[in-house]
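A.B. asks: Make a model of this:
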Amino acid sequence: MSRQHAAPVLIGDATGSAGILAHLGPSEHGLSEADIQALIQQSPQCLPIAEIDPLFANPVPICTELSTPAGPIDNFMVTASGLPVLVECKLWKNPEARREVVGQILDYANALSRWTASDVKREASRRLKRPGNAVLDLVRSAGHEVDEMAFNDALSLNLRRGRFLLLIVGDGIREGVEAIAEYLQAHAGLHFTLGLVELPVFQMPDIGKLVVPRV
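C.D. replies: Alright, predicted model coming up:
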């Protein structure tokens, strides 16, 4: 499996904190899986998606904790062309993360492969507590001019064919998970793309957060 550092991403904030560059790891500052979810939802550009599969580049974040029959998806995003992106966030200090995370995200993909665009619309609107087609509204709000019928048809087709980008994102990637990923990627006939992303986050004094992703 190839590894590569992607371009660092600076995310400004108004913390005004002083001191040295601090790594916001789970042991030092209590970075949680919810923190990673929120970071991805607010700043999806921190994910090096173009380095993994350019077809899924620049997705629009829809919501966190999207309810599915297999459980809630940590982050759900979709491209303007109707390609779904599913993100599972894990801190690798959790023992179950090493054993279960790949199977977990595959279960989500399997559940969504039985959905249509209407199902995504229903659950996203319910999660966001927004009327109408929340998915389409967010895609358009991100600056994409998309035809509603064409977008829904493309999303339904991609769901049915299992054309997903599945991302496992955490503070580090363990070798056992890498071996499973290599096994999956080596098998023909699978329509999804699986990416493993390390997402170290550093607090920069008086500036914001520096994210240095690695594929």
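A.B. asks: List the buried residues for the longest helix seen in the chain?
C.D. replies: Counting by DSSP state H, the longest helix found in the chain is helix 95-112. Across helix 95-112, burial judged by 16 or more other Cβ atoms under 10 Å covers Ala97, Arg98, Val101, Val102, Gln104, Ile105, Leu106, Tyr108, Ala109, Leu112. (Each C-beta comes from the backbone N, C-alpha and C, glycine too.)
A.B. asks: ditto for stretch 131-143
C.D. replies: Result for stretch 131-143 [16+ other Cβ under 10 Å]: buried residues Asn133, Ala134, Val135, Leu136, Asp137, Leu138, Val139, Arg140.
A.B. asks: Identify all contacting residues around whichever strand or helix holds the fourth one.
C.D. replies: When elements are assigned from DSSP states H and E, Leu136 belongs to helix 134-141. By Cβ atoms under 8 Å, 6 or more residues apart in numbering, the list of residues contacting helix 134-141 from outside reads 60-63, 78, 80, 117, 120-121, 124-125, 128, 130, 146, 148, 151-152, 155.
A.B. asks: Please convert the buried members of those into ChimeraX selection syntax.
C.D. replies: Those of these that count as buried under 16+ other Cβ under 10 Å are selected in ChimeraX with:
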select :60,61,62,63,78,80,117,120,121,124,125,128,146,151,152,155
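A.B. asks: Return the subset of the contacts of helix 134-141 lying in strands.
C.D. replies: Among the contacts of helix 134-141, the members falling in strands (DSSP state E) are Val60, Pro61, Ile62, Cys63, Val78.
A.B. asks: In a markdown table: these, plus distance to Arg160 and pLDDT.
C.D. replies: What follows is the ones in strands among the contacts of helix 134-141, written out as a markdown table (distance: Cβ to Cβ, whole Å; pLDDT from 0 to 100):
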| residue | distance to Arg160 | pLDDT |
| --- | --- | --- |
| Val60 | 21 | 98 |
| Pro61 | 23 | 98 |
| Ile62 | 19 | 98 |
| Cys63 | 21 | 97 |
| Val78 | 15 | 98 |
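A.B. asks: Just give me the closest of those to Val87.
C.D. replies: Pro61 (9.3 Å; Cβ to Cβ).
A.B. asks: isn't that closest one right next to Ile73, touching?
C.D. replies: No: the criterion here is Cβ atoms under 8 Å, and Pro61 misses it with Ile73 at 11.8 Å.
A.B. asks: re the thing from before, farthest-apart pair in the buried residues of stretch 131-143, please.
C.D. replies: Farthest pair in the buried residues of stretch 131-143, by Cβ to Cβ: Ala134 and Arg140, 10.9 Å.
A.B. asks: For Val201, grab the count of nearby residues.
C.D. replies: By other Cβ atoms under 10 Å, the residues close to Val201 number 22.
A.B. asks: That one contacts Leu39, correct?
C.D. replies: Yes: counting by Cβ under 8 Å, Leu39 is a contact partner of Val201 at 7.0 Å.
A.B. asks: Okay, now the unreliable bits of this structure?
C.D. replies: 1-8, 12-30, 92-99, 173-190, 206 (pLDDT under 70).
A.B. asks: can you pull out the helices in it?
C.D. replies: Using DSSP H, helices in the chain cover 26-29, 33-42, 49-52, 95-112, 117-128, 134-141, 148-161, 175-185.
A.B. asks: For Cys89, which of those is the nearest?
C.D. replies: It is, among these and with distance given as Cβ to Cβ, helix 33-42, at 4.3 Å.
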